[in-house]
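K.L.:
Prediction below, plus the sequence it came from.
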Amino acid sequence: MTTLNNTLQPITERGWQSGFKNLLANEYTLWWGGRRWIKSALIWLAVINGFIFLIAFASTHDPSMTPENVVSTAIGVFVNIGVFATSIGIVVGSQGAIIREKQLGTAAWVLSKPASRTAFIFAKWLAYSVSSLIISLTFPAIVFLIQSQLFWKQIPAPGQFVESWLIMALNLQFYLALTLMLGTIFSARGPVAGIGISFLFAGSLLPLVLPEWITLLFPWMLQKLAETIALGKPLPEGWVIPVIATVVWILIFMGIALWRFGREEF
């Protein structure tokens, strides 16, 4: 039961959904209830769109650069910085999502109420997923389109740009799922952030020494794929493999997170 306008209202959620709406509402309040989202949005705009502004400034001093060449360069910068920066950002931003709750004892308190452990994990995932996609990818993407129109009087092909955005979003989902899973395994933030960021940087080195078929099984190729799509270039052979593999990894990570958190002792 819960109190609403001094009237007792029955809680109809059952099973894994028990407490999900309240948990999700609380998570969204933490994201959007104050000025946190404004500060975060400004940081992401400065990081991603700030580089685009620098390209626009440099292009005005280079008469050999045509607007088409500058836009192509700007698209490449937007995608590459966007993928790399958001990967680090989601690892750093979500490393304490579960660990903080365990350390402060709030997880044990929340789960003593009519709330399931599955709902606890899914509420975290959905709130971080939606909020991060809006703040770190959608806002910068919209501003990038405005910058392209203002600076170069043209914008990327809308369909290709949206498809590229979806690949960038998939990459972010991978690192979010990885971080949440690690948060259910470890009790300190260090290993969670260290493993997540190390895996990201490994994507710059391991593809140089590992067989190509192995690297295709990880999200390391998504950055190049997103850029290729945004620029309208021919897709490489086997491009669908890292996309499917990333989806599978996300499902595995979330499955492990649910399994591990379900056996956590509070």
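P.N.:
That came through, no problem.
K.L.:
For the most centrally placed residue in the chain, which non-adjacent residue is closest in space?
P.N.:
Geometric centre of the chain, nearest residue: residue 172, 3.0 Å, by Cα atoms, centre = their mean. The shortest distance from residue 172 to any non-neighbouring residue, by Cβ to Cβ, 6 or more residues apart in numbering, is to residue 86 (5.0 Å). Just so you know, the C-beta spots here come from the backbone N, C-alpha and C atoms, and that holds for glycine as well.
K.L.:
wait, what's in contact with that neighbour?
P.N.:
Applying Cβ atoms under 8 Å, 6 or more residues apart in numbering, we find residue 86 in contact with 132, 136-137, 168, 171-172.
K.L.:
now residue 216
P.N.:
238, 241-242, 245.
K.L.:
For residue 215, see how far away the closest residue in space to it that isn't next to it in sequence is.
P.N.:
Spatial nearest neighbour of residue 216, chain neighbours left out: residue 241 (4.4 Å); criterion: Cβ to Cβ, 6+ apart. Separation of residue 241 from residue 215 (Cβ to Cβ, to the nearest Å): 10 Å.
K.L.:
The two: which is more packed in?
P.N.:
Per other Cβ atoms under 10 Å, whichever of residue 241 and residue 215 has more neighbours is residue 215, with 18 against 14.
K.L.:
give me every residue that touches the closest residue to the more buried one other than its chain neighbours.
P.N.:
In this structure, residue 215 finds its nearest non-sequential neighbour in residue 207, 4.3 Å apart by Cβ to Cβ, 6+ apart. Neighbour list for residue 207: 215, 220-221 [criterion: Cβ under 8 Å, 6+ apart].
K.L.:
So which of those sit within strands?
P.N.:
Among the contacts of residue 207, DSSP state E puts none in strands.
K.L.:
Let's have the residues you listed in TSV, adding distance to residue 93 and pLDDT.
P.N.:
Conversion of the contacts of residue 207 to TSV gives the following (distance: Cβ to Cβ, whole Å; pLDDT from 0 to 100):
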residue	distance to residue 93	pLDDT
215	27	93
220	21	95
221	24	94
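K.L.:
just the residues you listed now: which is nearest residue 50?
P.N.:
residue 220 (25.5 Å; Cβ to Cβ).
K.L.:
In the stretch 1-150 of the chain, where is pLDDT below threshold?
P.N.:
Applying pLDDT under 70 to the stretch 1-150 of the chain picks out residues 1-16, 60-61.
K.L.:
rerun that using 50 as the cut-off
P.N.:
1-9 (pLDDT under 50).
K.L.:
Checking my notes, residue 39 in a strand, right?
P.N.:
No: assigned with DSSP: H, G, I helix; E, B strand; the rest coil, residue 39 falls outside any strand and is helix.
K.L.:
Could you give the number of residues near it?
P.N.:
Neighbours of residue 39 under the rule other Cβ under 10 Å: 11.
K.L.:
That one and residue 85, how far apart?
P.N.:
In terms of Cβ to Cβ, residue 39 sits 16 Å off from residue 85.
K.L.:
follow-up on the earlier one: can you tell me which of the contacts of residue 207 end up in helices?
P.N.:
The helices, defined by DSSP state H, take in residue 215 from the contacts of residue 207.
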